[in-house]
Structure formats: structure tokens, C-alpha cells
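>>> any chance you can model this:
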Amino acid sequence: MVQKVAKIWMDGKLVNWEDANVHVLTHTLHYGVGVFEGIRCYRCEDGSSAVFRLDEHVRRLFDSAHIMGMAIPFSRDDIKKGIIDTLKANELKEAYIRPIAFIGDGDMGIYVNNPIRVAIAAYPWGAYLGDEGLNNGIRVKISSFSRFHVNNTMTKAKTCGHYVNSVLAKREAKSLGYDEALMLDTEGYVSEATGENIFMVRKGVLKTTPLTSVLDGITRDAVIAIAEEKGIKVKEERFTRDELYIADEAFFTGTAAEITPIREVDNRKIGEGKPGEITKSIQKEFFDIAKGKNLKYRRWLTCL
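Got it, this is the predicted structure:
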């Protein structure tokens, strides 16, 4: 259950949680054309709080809206301020933040010119795939559902309706006793999970799927930068499921999942069946950065 907080930002104003409602004929509810972001605020070691890569997340929100032909009626600075104001209004030291832009009510049908509305919610939320998964790794199933073809929909937009694909894949994996689903692209290569990008380590090289059918993850980008700083060779190239089976290490990245190790895929142990040294090193560095311990990456933090 989402933990209730006092205020949600709606169309430029902070309103009570109970009043943050929309009409049943809201267009996005029926047709799925809306865009959103998942952002985290971390409590830093000095007791302050900071939003991780706020600028990049807001930029992607506006990029997604542009791709989907939606004109957000607020500036990027307005949205950034709205996020900070929402955190402060709810006195949140750590939180998951969900800004969403959606098509409001008015006309119905596929083509409409209804107003674009924006909301920002923030609430406490722990490890998406569980503390156990974060520490010891998770079990993953290759899904029977494929990730979208690049001409089937707009794969670079974080669009509400796209996540029907993810919901179906996740339900399938959970019903079979796994923690998460991993989808292949329409040519049979590894794509991404239901809400995460994937990395694998083999022979000392860190590989991740290229930005073909996958979302340009902000945590993915951070991991590439961290790895390169550590002198780890990084390759963005396609790989198959059987190459993943024989990886030495593997992990998922995402705002919700953070850095979650993978210990098993399709009942096949990955490496030693526990988080590997490269995974643990990158995970530690990521949390040190997000919590303000590594001043070299202070640029990635927006302090409250």
C-alpha cells in the first residue's frame, strides 16, 4: 500500500491527498496517453535530503511528452519547484516521487484536444524488489511477452499505456514463482525488464543492451559513468538469453529497483548465484553518490 501523505501537487497547487482526484472520463484513463517519471529523494549522511538527478528526470518527462505530442502547460522549472514543494509540504526526508502529465476530460475518442494536466505525488517507498533482493539477488524469468518493436510504439517515451506490456510480463513471472520478468526484443535479443534496464558481466566486461527498444534509463546512465570511472570496460551491445545464462554477474538498474543483483535466470544460476564483486562495487558507489558521500558526483544531487 502507498503510504498516505498530506499533500499532492495538482496543476500548480498543493491540494489535500483526498482532493487529488480526476473525472472518470479522463482521457488518459481510457486510452493510456500520458507520461510520467519515477524519481527518488535520498536522506544524505549529513542529515540533509537530496533528489537524485532531478534535472535529467524532468528533462525526460518533457522529452516523453514531446514524443507523444503533449504540450505540458508548465515550464521545467515549475515542475522542479513543484517536486521540491511537494517533498517539503509532506516533510519527507526520503521519498519516491511520481510526476505525471495526462490528458484530461472533455471530448472522448481517439483524437481530442483536451487540456493537459499535471500532478506530482511523493511518498515513502523502500526497495522496489525488496531488501532481500537488493542484498542477495533475485530470480528472473524470460517472459513470453516481447518488448515493443521500435515502430510499434514510441520506445523512448515513458508512456502510461506502454506499461500494460510490463504488467502482463510481471504477472506471468510472479505467478511462476519468480521475482521479475525479463523481456526479449522482437528479434529475440535481451531487451529490458518490466521497469528496469539490465547489465551483465562476462570476462571482466560490463555489457548492457543498446538504446534500441529500451528506455534510456537515468540509473543506467549513472552506472555506465560509475563503471568507466572505476576503469571497468563497458560495452553497449546486444546479447542473447544464453549469453546471459553464462554471465559471471548480472543486475538490474532503475529508479525504483536502484541496483538489484540477479542471482538466477530461468532456473540457471548466474555466476556463483549471489551478487558478484563488480555488482557490489557499483551498487555501493551508487548509494554513496545518492546519499551525498561522494562529492565528485554532487552535481547529480538537488538538495532540499
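
>>> who does the helix or strand containing residue 96 pair up with?
According to DSSP states H and E, residue 96 maps onto strand 95-103. Applying DSSP bridges to the sheet, strand 95-103 is found paired with strand 34-36 (antiparallel), strand 39-43 (antiparallel), strand 116-123 (antiparallel).

>>> can you check which of those gets nearest to residue 136?
strand 39-43 (21.4 Å; Cβ to Cβ). Just so you know, the C-beta spots here come from the backbone N, C-alpha and C atoms, and that holds for glycine as well.

>>> which secondary structure element of the protein has the lowest mean pLDDT?
helix 131-136 (a mean of 94; mean pLDDT, DSSP states H and E).

>>> packing partners for that helix?
strand 258-265 (3 or more Cβ pairs under 8 Å, 6 or more residues apart in numbering; DSSP states H and E).

>>> can you name the element that comes right after the strand it packs on?
Beyond strand 258-265 toward the C-terminal end (DSSP H and E), the next one is strand 268-269.

>>> let me see the mean pLDDT of that following strand.
Taken as a whole, strand 268-269 has a mean pLDDT of 98.

>>> and stretch 163-174, by the same measure?
Averaging pLDDT along stretch 163-174 gives 98.

>>> cool, stretch 82-95 as well?
Taken as a whole, stretch 82-95 carries a mean pLDDT of 98.

>>> same thing with stretch 39-57?
For stretch 39-57, mean pLDDT is 96.

>>> ends of it, how far apart?
7 Å (Cα to Cα, to the nearest Å).

>>> and if you look at stretch 13-20?
Counting by Cα to Cα, you get 10 Å between the two ends of stretch 13-20.

>>> same question for stretch 86-103: list its buried residues.
For stretch 86-103, the neighbour count (16 or more other Cβ atoms under 10 Å) marks 86-87, 90, 92, 94-103 as buried.

>>> meant to ask about stretch 35-48
By 16+ other Cβ under 10 Å, the buried positions in stretch 35-48 come out as 35, 36, 37, 38, 39, 40, 41, 42, 43, 44.

>>> can I get the residues you listed in CSV with distance to residue 187?
What follows is the buried residues of stretch 35-48, written out as CSV (distance: Cβ to Cβ, whole Å):
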residue, distance to residue 187
35, 27
36, 28
37, 29
38, 28
39, 32
40, 33
41, 38
42, 38
43, 43
44, 43
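
>>> mind pulling up the pLDDT for residue 13?
98.

>>> strands of the stretch 151-300 of the chain, start to end?
180-184, 190-193, 197-202, 205-208, 234-236, 249-254, 258-265, 268-269 (DSSP state E, counting those that start in this stretch).

>>> what's in contact with the longest one?
Contacts of strand 258-265 with the rest of the structure, by Cβ atoms under 8 Å, 6 or more residues apart in numbering, involve 40, 127-129, 133-134, 136-142, 182, 196, 198, 219, 223, 241, 244-245, 249-253, 269-270, 273-276, 279-280, 282-283, 286-287.

>>> where does the stretch 151-300 of the chain have low pLDDT?
Applying pLDDT under 70 to the stretch 151-300 of the chain flags no residue at all.

>>> how about the helices in it?
Under the criterion DSSP state H, counting those that start in this stretch, the stretch 151-300 of the chain contains helices at 163-175, 218-229, 241-245, 277-290.

>>> how about these in TSV, adding mean neighbour count and distance to residue 156?
As requested, those are arranged in TSV below (neighbours: other Cβ atoms under 10 Å; distance: least, Cβ to Cβ, whole Å):
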stretch	mean neighbour count	distance to residue 156
helix 163-175	16	15
helix 218-229	19	13
helix 241-245	15	24
helix 277-290	19	23
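
>>> got TSV for the ones you listed, with distance to residue 29 too?
What follows is these, written out as TSV (distance: least, Cβ to Cβ, whole Å):
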stretch	distance to residue 29
helix 163-175	13
helix 218-229	27
helix 241-245	36
helix 277-290	33
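
>>> deepest in the core, which of the strands of the stretch 151-300 of the chain is it.
strand 249-254 (a mean of 27; mean count of other Cβ atoms under 10 Å).

>>> so which elements touch it?
strand 197-202, helix 218-229, strand 258-265, helix 277-290.

>>> and for the residue of the chain positioned farthest from its centre, nearest residue in space, chain neighbours not counted?
The outermost residue of the chain relative to its centre, with distances by Cα atoms, centre = their mean, is residue 107 at 31.5 Å. Computed as Cβ to Cβ, 6 or more residues apart in numbering, the closest residue to residue 107 that is not its neighbour in sequence is residue 114, at 6.0 Å.

>>> what is the neighbour count of that neighbour?
By the criterion of other Cβ atoms under 10 Å, residue 114 has 16 neighbours.

>>> what do you get for residue 302?
Using other Cβ under 10 Å, residue 302 has 19 other residues around it.
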